[in-house]
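Asker: after the sequence you'll find the predicted model.
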Amino acid sequence: MNRELNKKLKSLDIKFGDDNEAIGKVLIEEYLEVPLRKYTNKFSVFDFYNTDLKILVELKSRRNDSKKYDTQLIGNNKWKTAKQKVKDGYKVYFFWLLKDGLWFYEVNNNQEFKTSYLGNYARNDKSKELVLIPNIVLNKIIPKEKKKDDEKLAPYTLNWD
């Protein structure tokens, strides 16, 4: 694959993630019931924070649904930093905005997961160590306007079209 195509694919993936941060941020703030600020440094480990309440959030947007893979991925660097922040009294959340909804995991220092070296091979990225978080430990967000105490809820679905 040529270098220009790799750059184009990476650029499209970054735009996809940036576009979905606005959607995800609103849903996350609603769920956590706290305002979040976005880190402005593109090299920040996390996407959002609330210093007063000691909350950190990382949001990943994916083009697949939760049934395509058994796990969701997070960089091992983010995992290690999150574990340390939890020790320091923070609540740290990883969110995945997938085709079938917004899913999350609250980092717990008592849980460890497998890691693997993977990369986005469509873009010819170098592999890096990623933590494989099983879907079974994730929770799905249902927006407040869809919640009703007296009836069973259908899963919240986002359409990318």
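Answerer: Done, it's in. Numbering: from 1, shown residues only.
Asker: show me what counts as buried in stretch 34-42.
Answerer: Buried residues in stretch 34-42, counted by 16 or more other CB atoms under 10 Å: residue 36. C-beta coordinates here come from the backbone N, C-alpha and C atoms, glycine included.
Asker: what residue ranges in this protein score low on pLDDT?
Answerer: Within the chain, the stretches with pLDDT under 70 are 1-20, 120-125, 142-161.
Asker: now do the helices in it.
Answerer: 3-32, 76-87 (DSSP state H).
Asker: and the shortest one, what other elements does it pack with?
Answerer: Contact partners of helix 76-87 among helices and strands, from 3 or more CB pairs under 8 Å, 6 or more residues apart in numbering; DSSP states H and E: strand 55-61, strand 91-98, strand 128-134.
Asker: go through those and name the closest to residue 118.
Answerer: strand 128-134 (5.3 Å; CB to CB).
Asker: partner strands of the closest one, parallel or antiparallel?
Answerer: strand 71-75 (antiparallel), strand 115-118 (antiparallel) (DSSP bridges).
Asker: most tightly surrounded among those strands?
Answerer: Most buried of those, by mean neighbour count (mean count of other CB atoms under 10 Å): strand 71-75, with a mean of 19.
Asker: contacts for that one?
Answerer: Applying CB atoms under 8 Å, 6 or more residues apart in numbering, the contact partners of strand 71-75 are 58, 60, 62, 94, 96, 103, 105, 113, 118, 128-135, 138.
Asker: from those residues, which would you call buried?
Answerer: Among the contacts of strand 71-75, those classed as buried by neighbour count (16+ other CB under 10 Å) are 58, 60, 62, 94, 96, 103, 105, 130, 131, 133, 135, 138.
Asker: apart from its neighbours in sequence, what residue is nearest the last one?
Answerer: Across the structure, with CB to CB, 6 or more residues apart in numbering as the measure, the residue nearest residue 138 apart from its sequence neighbours is residue 103 (4.4 Å).
Asker: wait, that neighbour touches residue 96, no?
Answerer: Yes - using CB atoms under 8 Å, residue 103 is in contact with residue 96, at 4.8 Å.
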